[in-house]
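> I would like to see how this sequence folds:
(chains A, B and C)
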Amino acid sequence: MKPRRFNMRSLILNTGSTLLLPLLVLFSLFLLLRGHDEPGGGFIGGLVAAAAVALKLFAEDYKAARDMLRVHPLQLVGVGLVLAALASLPALLVGQSFFTAQWWLVDLPIFGELKLSTPLLFDIGVFLGVIGTVLTVVFTLAEAEHS
Amino acid sequence: MTTLMAILIGTFYAAAIYMMLRRSVVKLVIGLILLSNAANLLIFTVAGLERGIPPLIPKGQDVIAGAAADPLAQAVILTSIVIGFGVLAFAVVLIHRACEVVQTDDMNEMKGTD
Amino acid sequence: MLIAVLSCFILACFAPWLHRLGGRQSGWLLSVLPAALFVYFASLLPEVSQGGQLQFAYPWFPGLQIQLSFLVDGLSLLFALLITGIGFFILVYGGRYLEGHQSLGRFYIFLLGFMGSMLGLVLSDNLISLFVFWELTTVTSFMLIGFNHEQEDARKKAHQGLMVTVMGGLALMTGFIMLGLAAGSFELSTILASGTLTEHSLYLPMLLLILLGTFTKSAQTPFHFWLPNAMAAPTPVSAYLHSATMVKAGVYLMARLHPSLGGSEAWLLILSLFGAVTMVTGIFLASRATGVKRVLAYSTVMALGTLTMLLGLGTEKAALAAVTFLLAHALYKGALFMIAGILDHSAGVKDFRDASGLRASMPITTVVAILASLSLAGIIPLFGFVGKELLLEAVLTASIWQIGLTIATLVANIMVVLVAAIMALKPWFGPQIETPKKPHDPNVALLVGPALLAVLGLVFGLAPALAGNGILTAAASAVYGQPVTIGLSLWHGINLPLMLTISSLIFGLIMYRFWAGWRHITRFMQTAEKFGPEVIYERLMLGMTTFASWQTKTLQNGYLRNYLITTLGTVIIIVGWALLRVNQLELDINFSDIKVHEFAIVALLILSAIIAVMVRSFLAAVAMLGALGFGVALLYVFFSAVDVGITQVLVETITVLLLVLVLYRLPEFRSLSSSANRIRDAIIAGITGLLMTVLILAITSARQLEGISDYFLQNSGPLGHGRNVVNVILVDFRALDTLGEIFVLALVAIGVYAMIHLRTGALPVTNSDRRAAFTFRRSQKEKMKADEQAQKEGEAS
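Below is the predicted model of the structure:
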């Protein structure tokens, strides 16, 4: 077996990544959800989340990162595509043209107004698609080195 | 500022093309990265450079009162960055595989069908 | 009307099944459609013969002004009747002629498809749909000529016909577009009603292009060579394509456009000259040929030439002569081709020299052949005589070259008589000789077509008013553009045309007596053919492939940098030239508004780009690229593009990771290129960079139109319920684009995954590998089956 060249096993990175990881994932979700109003969105959120998992990969190893994700990244790509494509359909149900945005404003007693919409669904699809693609590439290459 | 940006973009283009004309595939990839950066900056500059007025609507308002930077160009560039990354990732992996199979990074030796 | 045209195509789709259903009688079964269509078109006769016009329109591409519209007047109805009428006989005949042929089903498909295209062509009222049908006839006829595709010869001939007619078709399309622009409409009825176009500035180019299309289709010299070669087709196809349809499409179009394009000097000169030359060339070659179908094919070339010449003359008489001759020709030529097929089918005779004295064993065929040949020769009282008299009268009253054209026509007529005599006498009379098959009169399916067509020639001859008042006068009026008042009659009295006919008859019969000698005298043609148009055509084809392989080797040489240099060189030259030509090139050069930190970043960026190019270590280059990426991100943020800046930072991070991950294992940089190449590349790169700089300055200082971005700024809040306009554009306004983008990303993911994971054993390389893989798979399958079996048995017990 060839040595793993990219494995920079260092205590600082290892500990740091354990602490940082949940924060980064949370941050990526935050970026995704606020994207419609402030800088952020599916692309940026997805990239942050993917970078977080990649950090795990570099701090520990391929297997740890793979286990943390649980599902295969290609599945994320698939789910993302389906969600994004689904976002185009509700408009057809109400007789508007394909991909017209639909908004449902829900008033929650404690949190205030919640804006649900097809663009949000679409953005989540983009988010998952970006994570899936980046991680597929990274994992595939890491795996190739690994074996 | 546009003048300075134009010079920068010209330099990027020149560097990118010089690298793409080399025989090494690795240099080709570097050229590709430079080229996509140059193209993005080109769109950005041509759409007009504005300092400190991002296309964000202030809270509680419906439209931006004054001027704002061109949001369409930004959306286009954002897309282009991500697509550029995808293409680059594909190219990198392709080259990785090709070098593994052909055992060379010289494009002159890669030519041919066997 | 739409149903009438489309029904042929629809039936074509089901023809193979109907063919299996109908068995031996499938030809009769399928011929119900053309028969029904014939009746339908005939029912339109009363109205049209009164000079009426019927129009039908169905929207097709409303945005492009293309509608599927049909126009029925005398001319198109005449053609429609011929197409369906003769089509009926051909289907009956072809079903029997090709009985037992393995791909008879395919024959029906193409024949019906061809019939539909032809109907569409003659009935179309729109230039664009006419052109579509025109090309459809080319394609279907290609399939029909190459029907026996196992034979190399048939393939080659079909290819030849296709190339010649497609080339003309391209010219025709250009001509049509010009015509449509010049007339301001693509509707034929509008164009024809809007009067002549001969004064228009586009007239000459448009005329030449359209004529190139019609001349190739209708086999005018020098494009005549493809027509006899198309005889590689089965005989029913030849009979159909060359009597009434395919080759007459060009004539139809010239006749159709005559009111708009005709009447000019150019029209008169080109059409009469080419028509006369084609007429003489065609019949001369026919007189030399001995193959049954070849003789007929060349005499068809002669007929097409005659029709072109008549349309060129364009007088009232000529218009009437043209439609009369056209009808007469369709009747006797259809019959004669079918008789040629019978000769082959029942006696195995393909060459006139191999047949003699068949009269006793094939009495009915003999009578039919003589009847049709008499019409061809133009002998009273057959319909061919009426056509010939009109032809001579039209030529004698021509406005130019009266004497020349008359002599040409006379010469042609003499040789037509020769050809008719060969057809009427040679196979049937004289001593009986051995033929490859035992000769016999064929089945009624084969005989009904030629017999009826020949008899119709006699009926119309005896009562020309029947055809004249019925359709021909209306058709001639459509050609002439004004109502034609001359009627048809058999007997014109003793006049010059009659004298000419009688003398051509005498000379023709004398020539028949010395036919073998005539062929001997004219054997120099064999040498001449080595320089003929067919050889030129073949040279051209050869030259084209040679050129193609040369330019592929030169341009597609497999070196990326050569492609790049070619592309960049072109861009530099064209854009540079355009920039130099701009009179007042305003370059807004302004360094005054630069802030210090911006200048610092730009300077760093330029520096890192240069270092990335110069360094010898890969890692150093990647580090420089990283620095460069982050610098660019900063620029985005400075100039109000927050989202773009963040994205750039993230992408840059991941890119650097990737590069390190993958390319780290690659060798260090080497100097591969020579220093001369380096200098050349540096010059090209430098010029391109400079050009881009100048372009940006030129563009930014010359911006004139307002962008569409304002719309997004104004509506993002009210319509998109979002305050980040960039994100609203991405996920709402232009969501479909973004969807496309993530599909691209998904493709990248799948591609990368496949490249790395499916590498070994996926594709067996050698044959033994393949066999091994196959055996392995089969054994696996058998094992699975056995397992299943065992499981079932286990459950059962």
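> tell me where chain A has strands.
Taking DSSP state E, the strands of chain A run over residues A:103-108, A:112-117.
> what is the mean pLDDT for the last one?
Mean pLDDT, computed over strand A:112-117, is 74.
> for stretch C:153-172, same thing?
Per-region confidence: stretch C:153-172 scores 87 on mean pLDDT.
> show me the contacts for the residue in chain B that chain A sits nearest to.
Using CB to the nearest CB, residue B:89 is the residue of chain B that sits closest to chain A, at 4.5 Å. Every C-beta, even on glycine, is put in place using the N, C-alpha and C of the backbone. Residues in contact with residue B:89 (CB atoms under 8 Å, 6 or more residues apart in numbering or on different chains) are A:133, A:134, A:137, C:658, C:748, C:752.
> my read is that the last one contacts residue B:88, right?
No: with contact defined as CB atoms under 8 Å, residue C:752 does not count as touching residue B:88 (11.3 Å).
> for the two, indicate the residue with more neighbours.
residue C:752 (26 against 21; other CB atoms under 10 Å in any protein chain shown).
> give the contact list for the more buried one.
Here residue C:752 is in contact with A:136, A:137, A:140, A:141, B:89, B:90, B:93 (CB under 8 Å, 6+ apart).
> so which of the strands of chain A gets nearest chain C?
Using CB to the nearest CB, the strands of chain A put strand A:103-108 closest to chain C, at 5.9 Å.
> please see if the closest one touches chain B.
No: Strand A:103-108 is not in contact with chain B by CB under 8 Å from any CB of the partner chain; minimum separation 14.9 Å.
> partner strands of that strand and their direction?
Strand A:103-108 has its sheet partners listed here by DSSP bridges as strand A:112-117 (antiparallel).
> returning to that earlier point: lowest-confidence entry in the contacts of residue C:752?
residue A:141 (83).
> which residues of chain A lie near chain B?
Checking chain A against chain B by CB under 8 Å from any CB, the hits are A:37, A:38, A:39, A:43, A:130, A:133, A:134, A:137, A:140, A:141, A:144.
> go ahead and confirm the first one touches residue C:720.
To tie it back to what came earlier, the one meant is residue A:37. No: applying CB under 8 Å, one finds residue A:37 not in contact with residue C:720, separated by 10.5 Å.
> give me the helices and strands touching the helix or strand containing residue B:32, please.
Taking DSSP states H and E as the definition, one finds residue B:32 inside helix B:25-46. Packing partners of helix B:25-46 (3 or more CB pairs under 8 Å, 6 or more residues apart in numbering or on different chains; DSSP states H and E): helix B:2-20, helix B:71-102, helix B:107-110, helix C:596-614, helix C:618-638, helix C:642-663, helix C:675-701.
> so which of the ones you listed is nearest residue C:456?
Smallest distance to residue C:456 across the helices and strands packed on helix B:25-46 (CB to CB): 69.7 Å, for helix B:71-102.
> and the closest one, how far out from the chain's middle?
9 Å (CA atoms, centre = their mean, to the nearest Å).
> could you do stretch C:103-122 as well?
Worked out by CA atoms, centre = their mean, stretch C:103-122 lies 15 Å from the chain centre.
> next, the buried residues of it.
C:104, C:106-122 (16 or more other CB atoms under 10 Å in any protein chain shown).
> the residue lying farthest from the centre of chain B is in what secondary structure piece?
Here the centre of chain B is the reference, and by CA atoms, centre = their mean the most remote residue is residue B:60, at 35.9 Å. Here residue B:60 is covered by no helix or strand, with elements defined by DSSP H and E.
> can you name the residues of chain B that neighbour chain A?
Close to chain A, as judged by CB under 8 Å from any CB, chain B has residues B:54, B:56, B:59, B:78, B:82, B:85, B:86, B:89, B:93, B:96.
> and the strands in chain C, which stretches?
Going by DSSP E, chain C shows strands at C:54-61, C:66-72.
> residues in contact with residue 103?
Assuming you mean chain A. A:115, A:116, A:117, A:118, C:721 are the contacts of residue A:103 under CB under 8 Å, 6+ apart.
> wrong chain, I was asking about chain C
residue C:147.
> poorly predicted segments of chain C, please.
Counting by pLDDT under 70, chain C has low-confidence residues at C:62-66, C:583-584, C:663-671, C:759-781, C:788, C:791-797.
> which helix runs longest in it?
The residue-count maximum for a helix in chain C (DSSP state H) belongs to helix C:152-183.
> wait, isn't residue C:162 in contact with residue C:138?
Yes: Residue C:162 lies in contact with residue C:138 (CB under 8 Å); the separation is 6.5 Å.
> returning to what we had before: let's see which of the buried residues of stretch C:103-122 end up in helices.
Reading helices off the buried residues of stretch C:103-122 with DSSP H, I get C:104, C:106-122.
> measure residue C:51 to residue C:257 for me?
Noted for residue C:51: a distance of 20 Å to residue C:257, by CB to CB, to the nearest Å.
> so for those two, which sits in the more crowded spot?
Counted by other CB under 10 Å, residue C:51 and residue C:257 do not tie: residue C:257 has more neighbours, with 26 against 14.
> tell me how far that one lies from chain B.
As for residue C:257, its distance to chain B is 49 Å (criterion: CB to the nearest CB, to the nearest Å).
> grab the nearest non-local neighbour of that residue.
Among residues not flanking residue C:257 along the chain, residue C:210 sits closest, at 6.9 Å (CB to CB, 6 or more residues apart in numbering or on different chains).
> still on that earlier bit, which stretch among the helices and strands packed on helix B:25-46 comes nearest residue C:27?
It is, among the helices and strands packed on helix B:25-46 and with distance given as CB to CB, helix B:71-102, at 57.9 Å.
> now the closest one: buried residues?
B:71-86, B:88-93, B:95-99.
> skipping adjacent residues, who's closest to the most centrally placed residue in chain B in space?
Geometric centre of chain B, nearest residue: residue B:36, 1.7 Å, by CA atoms, centre = their mean. Computed as CB to CB, 6+ apart, the closest residue to residue B:36 that is not its neighbour in sequence is residue B:84, at 3.9 Å.
> and that neighbour, how far from residue C:637?
Taken as CB to CB, the span from residue B:84 to residue C:637 is 19 Å.
> relative to residue C:36, which of the contacts of residue A:103 is nearest.
The closest of the contacts of residue A:103, once distances to residue C:36 are taken by CB to CB, is residue A:118, at 54.3 Å.
> dump the residue contacts of whichever residue of chain A sits closest to chain B.
The nearest approach of chain A to chain B comes at residue A:137, 4.5 Å away (CB to the nearest CB). Shown in contact with residue A:137 (CB under 8 Å, 6+ apart): B:89, B:93, C:658, C:748, C:749, C:752.
> quick check: the two most widely separated of those residues?
C:658 and C:749 (13.3 Å).
> residues near residue C:5, how many?
So residue C:5, with other CB under 10 Å, has 25 neighbours.
> hmm, it is touching residue C:76, no?
No: at 11.6 Å, residue C:5 does not count as touching residue C:76 under the criterion of CB under 8 Å.
> give me the common contacts of those two.
residue C:123.
> if we can go back for a sec, of the contacts of residue A:103, select the buried ones using a ChimeraX command.
Restricted to buried positions by 16+ other CB under 10 Å, the ChimeraX selection for the contacts of residue A:103 reads:
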select /A:117,118 /C:721
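> show me where pLDDT drops low in the chain?
You didn't say which chain, so I picked chain A. Ranges of chain A meeting pLDDT under 70: A:1-9, A:110-113, A:145-147.
> let me rephrase: I mean chain B.
B:103, B:105, B:108-114.
> neighbours of the closest residue to residue C:417 other than its chain neighbours, how many?
Excluding its sequence neighbours, the residue lying closest to residue C:417 (CB to CB, 6+ apart) is residue C:508, at 2.4 Å. By other CB under 10 Å, 21 other residues sit near residue C:508.
> and the one 4 residues further on, by the same measure?
By the criterion of other CB under 10 Å, residue C:512 has 19 neighbours.
> and for residue C:716?
Residues near residue C:716, counting by other CB under 10 Å: 28.
> and residue C:691, by the same measure?
Neighbours of residue C:691 (other CB under 10 Å): 19.
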